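J.: fold the stuff below for me.
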Amino acid sequence: MEQWTDGRVIGAVDLENLLLFVLYGPKVLSRIGIEIQGFVIRQKHEQTLLTVKAKEGDTPLVVFITSDSTTGCMVRFLDLLESDKLTWVKDRYPWI
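T.: Below is the predicted model:
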């Protein structure tokens, strides 16, 4: 990250959070038997919603995270993952 100097599109801190979410999160979850299927980010007014879809065996799961920004959602997801407080629910609308 020390080599990152071009902050026109994304700052170094946000880039680090994005990389941790995309690369580190799935590896940690795979250790506990959860396979990430994908994620969706939606923004409305001042609020951002991160929806992460996963599978545990054959069971589809989903978790919803809100924050004021995209990277804020990702940081919150990682914080909850690290503290073992992610609340996965059975996904009623799994991806095919």
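J.: just the helices from this structure, written as ranges.
T.: Secondary structure of the chain (DSSP state H): helices at 12-19, 25-31, 70-82.
J.: what's the closest non-adjacent residue to the spatially most central residue of the chain?
T.: Of all residues in the chain, the one closest to the mean position by Cα atoms, centre = their mean is Met74, 4.7 Å from it. Across the structure, with Cβ to Cβ, 6 or more residues apart in numbering as the measure, the residue nearest Met74 apart from its sequence neighbours is Phe21 (3.9 Å). Where you see a C-beta, it was placed from the backbone N, CA and C, and this is true even at glycine.
J.: now do that neighbour against Asp58, distance only.
T.: When Cβ to Cβ, to the nearest Å is applied, the distance between Phe21 and Asp58 equals 25 Å.
J.: tell me which of those two has more neighbours.
T.: More crowded of Phe21 and Asp58, by other Cβ atoms under 10 Å: Phe21, with 21 against 5.
J.: surely that one and Phe77 touch.
T.: Yes: Phe21 sits in contact with Phe77 when judged by Cβ atoms under 8 Å, with a separation of 6.5 Å.
J.: thinking again about what came up before, mean pLDDT and distance to Arg42 added to the helices of the chain, as a markdown table?
T.: As requested, the helices of the chain are arranged in a markdown table below (pLDDT from 0 to 100; distance: least, Cβ to Cβ, whole Å):
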| stretch | mean pLDDT | distance to Arg42 |
| --- | --- | --- |
| helix 12-19 | 90 | 17 |
| helix 25-31 | 95 | 19 |
| helix 70-82 | 96 | 10 |
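J.: among these, which is the most enclosed?
T.: Per-residue neighbour counts averaged over each of the helices of the chain give the maximum for helix 70-82, namely a mean of 18 (mean count of other Cβ atoms under 10 Å).
J.: list of residues touching that one?
T.: Among residues not part of helix 70-82, those counted as contacts by Cβ atoms under 8 Å, 6 or more residues apart in numbering are 14, 17-18, 20-21, 24-25, 28-29, 41, 43, 48-50, 52, 63, 65-67, 86-87.
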